[in-house]
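S.K.: Below are the sequence and a predicted model for it; my questions follow.
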Amino acid sequence: MPQQKATRAKAPPAADYKAIAEQYAKAKRQKAIEDASRSPEEIQTEKERAMLLEKQREVFESRRKDAYERRWWWTVGFWAWMLCLHAVGIAFFTSGFLLTRLVLDDKSNCTAPPIELSSSWKGQGTVQGGCWHPKSFNKAVVVVVDALRYDFTVPVDDQAPFHNALPFLHETAVKSPEHAFLRPFIADPPTTTLQRLKGLTTGTLPTFIDAGSNFAGTAIKEDNLLMQLKDAGKRIAHLGDDTWWSLFPGYFEANVSRAYDSFNVWDLHTVDNGVIDHIFPLLEQEQKGKWDVLIGHLLGVDHAGHRYGPNHVAMREKLQQMDTFIRDLVAQIDDDTLLVVMGDHGMDAKGDHGGESDDEVEAALWMYSKRPFFGRTKPEFKEPPAMAKVRPVNQIDLVPTLALLLGIPIPYNNLGSPIEEAFTGKKGKAWDNLAAVSRMTAAGIQRYQDSYFAARGIDQSKSATAGHVSHLWRKAERSWQWKSWQDSHGFFNLFQEETLRI
């Protein structure tokens, strides 16, 4: 097919060019005639009008530019202000809500108590007789029933599956008050197991940012109960939740300890059955020489809550299993062994925990001795509280209590105070001993506070709160010198409570 040739656009006819040229020339002549007919004044006025219009245009442009710049600066200022507000808010948030705590490397020593020992104590200053207080027990069995909420342990007039399924703790506290006591055991949020174990062994308060580490525990380096037990030559056996092994690597006797995975919340029985199967052989006479402190951490109650919630028959079955288990433990231990059963936290109506609701923080604490040992300072205290708001015990109070009963030093960073049932004597009249242990613990808290402020570079003399606490210490010391034991105990306890507020 032959290629088509490109065609050029046709130029306008010459006649069109001629017509356009004539029109232009005519318009030009007309313009010249008009200009010639105008007076100089009109021409000047036209120029002025043009200049005025140009000036108005310049003013308008200037105003438009100024308005734009003002809007720009207001916008920049607004976002700069918002940025500053965010920066200040983040600073307050991180320094206030997300509290951090400086960990001190100091350790308590058996031969260096924070204050002089009572002259009436025998065997003082030795592991055999008791470092800072006469040793009351040679061995201890500590049972942690994960998520054991306080109302699971007291009689309640309803038919909920989680009520009245574990009656043994309350029964023994009522029928044998010299052998056992039951009290609410208040956890400091966040109510996650790892943070609770830190508080239960160090006597310190957690910081909120610790909650994120519940799933990635790191070894505890600061002074704690297990460290003091190891330093005293005590052997520690552990059965159950493997969280303990991440916090305390190398602390447990490998040949008698068994760790179980803690994160399969659908499994209600493996950990509990493993603890129960292995703990009773260790209580037999020929096995007692292999441990001094035996820790069992059961997870079935917690897992039943996570899987079903507390209001389920599975929860009742787990609590009944715990009731039978504790009864069997009581039958097995001897007179020289302290038995402690506690919850590390509670659970809410859905079976969850981690927050600060009443159901999450209200756990239970039960202590038992085969021989008569515990006392009450008032007759009405023989009956365990019907609700957790009455006579609660802070979980950090377990640390000085266990340390003094087992004859080891109280960990350096402890902020708890002794539980009075353990030191008031069988008749509840040993106010001198109760005042002495309260004084010893308060002196340790004051020592820790001084060290902490010094490490932080804080001047206590400029703190009104610190001055108030120092005043309470002086009042407690005066009562001690005057041998007003009950007042002294009260003032030392008040000193501890006020210190926690700082």
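M.R.: Structure's in. What do you need?
S.K.: Straight-line length of stretch 126-141, end to end?
M.R.: With CA to CA, to the nearest Å as the measure, stretch 126-141 spans 22 Å from end to end.
S.K.: actually stretch 305-316, sorry about that
M.R.: This stretch, stretch 305-316, spans 11 Å end to end (CA to CA).
S.K.: And that stretch, what's buried?
M.R.: Residues of stretch 305-316 classed as buried by neighbour count (16 or more other CB atoms under 10 Å): 305-306, 308-310, 312, 314-316. Any C-beta I mention is one placed from the backbone N, CA and C, and that applies to glycine too.
S.K.: cool, and stretch 384-392?
M.R.: For stretch 384-392, using 16+ other CB under 10 Å, the buried residues are 384, 388, 392.
S.K.: Now that G416 has come up, it's in contact with N394, right?
M.R.: Yes. The criterion here is CB atoms under 8 Å, and G416 meets it with N394 at 6.1 Å.
S.K.: The two - which one has more neighbours?
M.R.: Set side by side, G416 and N394 show more neighbours around G416, with 28 against 22, by other CB atoms under 10 Å.
S.K.: who's in contact with that one?
M.R.: Residues in contact with G416 (CB atoms under 8 Å, 6 or more residues apart in numbering) are 203, 394-401, 441, 496.
S.K.: Which of those residues fall in strands?
M.R.: N394 (DSSP state E).
S.K.: nearest to I276, of the contacts of G416?
M.R.: Closest approach between the contacts of G416 and I276, by CB to CB: L398, at 23.2 Å.
S.K.: Could you identify the pair within the buried residues of stretch 305-316 that is furthest apart?
M.R.: H306 and R316 (16.0 Å).
S.K.: now, which of the buried residues of stretch 384-392 sits nearest K139?
M.R.: P384 (25.2 Å).
S.K.: Quickly find the element holding G77.
M.R.: Applying DSSP states H and E as the criterion places G77 in helix 40-92.
S.K.: Show me how far that helix is from its chain's centre.
M.R.: Relative to the chain's own centre, helix 40-92 is displaced by 55 Å; criterion: CA atoms, centre = their mean, to the nearest Å.
S.K.: Stretch 364-372 too?
M.R.: Mean-position distance between stretch 364-372 and its chain equals 28 Å (CA atoms, centre = their mean).
S.K.: For it, buried residues please.
M.R.: By neighbour count on 16+ other CB under 10 Å, the buried set for stretch 364-372 is 364-370.
S.K.: And the residue nearest to N138 when sequence neighbours are not counted, how far from A430?
M.R.: Excluding the flanking residues, the one nearest N138 by CB to CB, 6 or more residues apart in numbering is D336, at 4.8 Å. Distance, D336 to A430, by CB to CB, to the nearest Å: 20 Å.
S.K.: again with E58
M.R.: Noted for E58: a distance of 98 Å to A430, by CB to CB.
S.K.: Could you export the strand or helix carrying H297 as PDB, CA atoms only?
M.R.: Using DSSP H and E, H297 maps to strand 293-298. In PDB, the C-alpha atoms belonging to strand 293-298 read as follows (Å, rounded to 0.1, in the frame of the first residue of the first chain):
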ATOM      1  CA  VAL A 293      12.600 -24.400 102.800                       C
ATOM      2  CA  LEU A 294      10.100 -26.200 100.400                       C
ATOM      3  CA  ILE A 295       8.200 -24.000  98.000                       C
ATOM      4  CA  GLY A 296       5.200 -25.300  96.100                       C
ATOM      5  CA  HIS A 297       3.400 -23.100  93.600                       C
ATOM      6  CA  LEU A 298       0.100 -24.500  92.200                       C
END
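S.K.: Give me the distance from that strand to the chain's centre.
M.R.: Distance of strand 293-298 from its chain centroid, counting by CA atoms, centre = their mean, is 22 Å.
S.K.: neighbouring contacts of the helix or strand following that strand?
M.R.: Sequence order places helix 300-308 as the next helix or strand after strand 293-298, per DSSP H and E. For helix 300-308, the surrounding residues in contact (CB under 8 Å, 6+ apart) are 145-148, 152, 193, 264-269, 271-272, 310, 312, 314-315, 317-319, 321-322, 347, 351-353.
S.K.: quick one: the strands in the stretch 351-500 of the chain?
M.R.: Applying DSSP state E, counting those that start in this stretch to the stretch 351-500 of the chain gives strands spanning 362-369, 393-394.
S.K.: Which residues does the shortest one contact?
M.R.: I take that to be strand 393-394. 183-186, 188, 365, 416-417, 419.
S.K.: low-scoring pLDDT stretches of the stretch 151-300 of the chain, where are they?
M.R.: 207-217 (pLDDT under 70).
S.K.: what about the helices in it?
M.R.: Remark: helices assigned in the stretch 151-300 of the chain by DSSP state H, counting those that start in this stretch are 168-175, 193-202, 225-231, 243-247, 270-282, 300-308.
S.K.: Kindly reformat those helices as JSON lines containing distance to R501.
M.R.: Shown next, in JSON lines, are these (distance: least, CB to CB, whole Å):
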{"stretch": "helix 168-175", "distance to R501": "31"}
{"stretch": "helix 193-202", "distance to R501": "17"}
{"stretch": "helix 225-231", "distance to R501": "25"}
{"stretch": "helix 243-247", "distance to R501": "28"}
{"stretch": "helix 270-282", "distance to R501": "38"}
{"stretch": "helix 300-308", "distance to R501": "31"}
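S.K.: nearest to D16, of those helices?
M.R.: It's helix 300-308; of these, that one is closest to D16 (CB to CB) at 94.2 Å.
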